[in-house]
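1. Give me coordinates for this.
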Amino acid sequence: MSGVAAAGVLARHAAGALQQVLVINPNTNLVVTRRVRAAAAGFESPALSVEVVNPLRGPHSIETAAEREEAERETLALIARRAATGYDAYVLACFDDLALAGARALVPVPVVGTCEAALAAARALSPRFAIVTTFDAAVPGIRVLMQRHGAGPLATVRAAGIGVAEAASAGEEAMRRLVATARAAVAEDGAEAILLASGGLTGLGPTLSVALGLPVVDGVTAAIGAAVRQVQAQR
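-> Numbering: from 1, shown residues only. Down below sits the predicted model:
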């Protein structure tokens, strides 16, 4: 980030101006973006704005290595273009830490990754939880992240066998599979809480919590909350 942009952040803080958080959905699926935007709206206040965007170009969903590479490139380009705005924090609304290191190198303010923030939220609820994601190919990468963040011994991970776009649509079959996957984690893994690990699952926590009768952490919502708390602590 340029010195001019950094100076702008400091000047706004000194003046008590509106604080701003930018949340980025790294894919171009507008249904996912709308889900994330609805979750973010719950954190806004007269003193805090939470803007939600997605790159104009890139994959509709991120399910392959090539899609991940393209999404990371477009996400970092978006952050570089927006850096002069002087946001107080950024959130990457993707569970696999996509573009996280690159984003932190671009801006001198907090950049919150969904995985780390969500794992912290789940661990605060229960010492034993299960991660539920969308498609099966995402599971190995999530297991690596669990080990990186020290959650390997605490959690299991299961996929519902649905794509990101199908999850975001929250249709009857998608919800049936999510509930069935979570119930299996409770019955077979001893899970006492569920962590939803996909931007496409944003906003489904309350519905699933009622269906399951146990706490459900929405990963993206947890990440937005973590960023907001960091921004508010700067005042």
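
2. can you give me the strands in the chain?
-> 19-24, 48-53, 89-92, 111-113, 129-133, 155-159, 194-196, 216-218 (DSSP state E).

3. Can you tell me which of those is most buried?
-> Using mean count of other C-beta atoms under 10 Å, the stretch among the strands of the chain with the largest mean neighbour count is strand 194-196, at a mean of 31. Any C-beta I mention is one placed from the backbone N, CA and C, and that applies to glycine too.

4. hey, where'd the helices end up in this structure?
-> According to DSSP state H, the chain carries its helices in the segments 3-14, 30-41, 65-82, 100-106, 114-125, 139-148, 164-169, 172-189, 205-212, 219-233.

5. Distance from the chain centre to the shortest one, please.
-> Here helix 164-169 shows a centroid-to-chain-centroid distance of 15 Å under the convention C-alpha atoms, centre = their mean, to the nearest Å.

6. Kindly report the same for the last one.
-> Averaging C-alpha coordinates over helix 219-233 and over its chain gives two centres that are 10 Å apart (C-alpha atoms, centre = their mean).

7. elements contacting that helix?
-> For helix 219-233, the packing partners by 3 or more C-beta pairs under 8 Å, 6 or more residues apart in numbering; DSSP states H and E come out as strand 19-24, helix 30-41, strand 48-53, strand 89-92, strand 111-113, helix 114-125.

8. that older thread, is it possible to get TSV of the strands of the chain that adds mean pLDDT?
-> Shown next, in TSV, are those (pLDDT from 0 to 100):
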stretch	mean pLDDT
strand 19-24	98
strand 48-53	97
strand 89-92	98
strand 111-113	96
strand 129-133	96
strand 155-159	94
strand 194-196	97
strand 216-218	97
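
9. Output those as CSV; include the columns distance to Thr202.
-> CSV is the format used below for the strands of the chain (distance: least, C-beta to C-beta, whole Å):
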stretch, distance to Thr202
strand 19-24, 10
strand 48-53, 10
strand 89-92, 11
strand 111-113, 14
strand 129-133, 13
strand 155-159, 17
strand 194-196, 8
strand 216-218, 6
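
10. out of the helices of the chain, nearest to Leu154?
-> helix 114-125 (6.5 Å; C-beta to C-beta).

11. how far off strand 155-159 does the closest one point, in degrees?
-> Inter-element angle recorded for helix 114-125 and strand 155-159: 130 degrees (by axes from the mean of the first three to the mean of the last three C-alpha atoms, to 10 degrees).

12. how about helix 114-125: buried residues?
-> Buried residues in helix 114-125, counting neighbours by 16 or more other C-beta atoms under 10 Å, are found at 114-119, 121-123, 125.

13. now swap in stretch 227-235 and tell me
-> Buried residues in stretch 227-235 (16+ other C-beta under 10 Å): 227-228, 230-231.

14. residues making contact with that stretch?
-> 13, 16, 19, 21, 23, 43, 47-48, 50, 88-91, 110, 112, 117 (C-beta atoms under 8 Å, 6 or more residues apart in numbering).

15. List of residues touching stretch 96-110?
-> 1, 5-6, 9, 26, 62, 68, 71-72, 75-76, 79-80, 83, 87-90, 92, 111, 113-116, 138, 141-142, 145, 227, 230-231.

16. With stretch 65-77 instead?
-> Taking C-beta under 8 Å, 6+ apart as the rule, stretch 65-77 contacts 24, 26-27, 55-59, 61-62, 92, 94, 96, 98-99, 102-103, 106.
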